[in-house]
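A.B. asks: this one's structure only:
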């Protein structure tokens, strides 16, 4: 906003006026900005899809454990392992960490425990547990992929640079179009409003970029997908 105000002021003060095709400038800014917003929104929708898959697999595993013929000790241990997986999954998504090594180790503990009790756990139940555990692991990997790999940094940097350059070109162009004697307040208002809109769109995209941190208005409420409350 300061750049917008300063651009108009300097144009009037030093009489800097020229004409530039704003269509080309708008393509340079609006197209990549809309592209990144759409990309971030799609990532958010995919995140919701994978979270639903994660919750479904977690809930199914929990039902199998609580309604099966497992020994009480085995049931308690498996519940505890699932609780650890759930807690670490949600904490990982809220954090800025990219590695899921600790989370993989928690999932491996379930595999190892089931293998260690292959004499007491029926084969049919073991196969079902492995199936839904694989679904759970796949959902976690997909969520981590969304968490780590975001909109290309180069494209975001390109948008940001052009947003700040925009008023430097737009101010002298609009003054040249309407005349330097036109209402100065109106020119300040139009240039600053245009810059405000572009910055707002960029900030919306930036909020959608991190759907798990629960800082933005449209962020995903991860606690709604918690199964083992």
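C.D. replies: Now that the structure is in, tell me what you want to look at. Model, not experiment: these values are computed from the prediction. Numbers count the residues shown, from 1 in each chain.
A.B. asks: tell me which residue of the protein is furthest from the middle?
C.D. replies: Using C-alpha atoms, centre = their mean, the residue of the chain lying farthest from its centre is residue 181. It sits 46.6 Å away.
A.B. asks: now that residue: phi and psi?
C.D. replies: phi -90, psi 0 (degrees, to the nearest 10).
A.B. asks: same check, this time on residue 227
C.D. replies: phi -100, psi -50.
A.B. asks: show the contacting residues for it.
C.D. replies: 55, 58-59, 62, 86 (C-beta atoms under 8 Å, 6 or more residues apart in numbering). (C-beta placed from N, C-alpha, C; glycine too.)
A.B. asks: packing partners for whichever helix in the chain runs longest?
C.D. replies: Identified as the longest helix of the chain according to DSSP state H is helix 22-67. Packing partners of helix 22-67 (3 or more C-beta pairs under 8 Å, 6 or more residues apart in numbering; DSSP states H and E): helix 72-94, helix 123-148, helix 153-178, helix 184-209.
A.B. asks: helix 72-94 and that one, what's the angle between them?
C.D. replies: 170 degrees (axes from the mean of the first three to the mean of the last three C-alpha atoms, to 10 degrees).
A.B. asks: what is the mean pLDDT for helix 22-67?
C.D. replies: Mean pLDDT, helix 22-67: 87.
A.B. asks: what of stretch 161-169?
C.D. replies: 88.
A.B. asks: what's in contact with it?
C.D. replies: Taking C-beta under 8 Å, 6+ apart as the rule, stretch 161-169 contacts 3-4, 7-8, 20, 25, 28-29, 33, 191, 194-195, 198-199, 202.
A.B. asks: was I right to think residue 126 contacts residue 111?
C.D. replies: No: using C-beta atoms under 8 Å, residue 126 makes no contact with residue 111, being 10.5 Å away.
A.B. asks: ok, and the closest non-adjacent residue to residue 111?
C.D. replies: Of all residues not flanking residue 111 in the chain, residue 133 sits nearest, at 7.0 Å (C-beta to C-beta, 6 or more residues apart in numbering).
A.B. asks: any idea how far that neighbour lies from residue 53?
C.D. replies: Separation of residue 133 from residue 53 (C-beta to C-beta, to the nearest Å) stands at 13 Å.
A.B. asks: by mean pLDDT, flag the weakest helix or strand of this structure.
C.D. replies: helix 2-14 (a mean of 81; mean pLDDT, DSSP states H and E).
A.B. asks: give the buried residues for that helix.
C.D. replies: 3-4, 7-8, 11-12 (16 or more other C-beta atoms under 10 Å).
A.B. asks: farthest-separated two in those?
C.D. replies: Spanning the widest gap among these are 3 and 12, at 15.3 Å by C-beta to C-beta.
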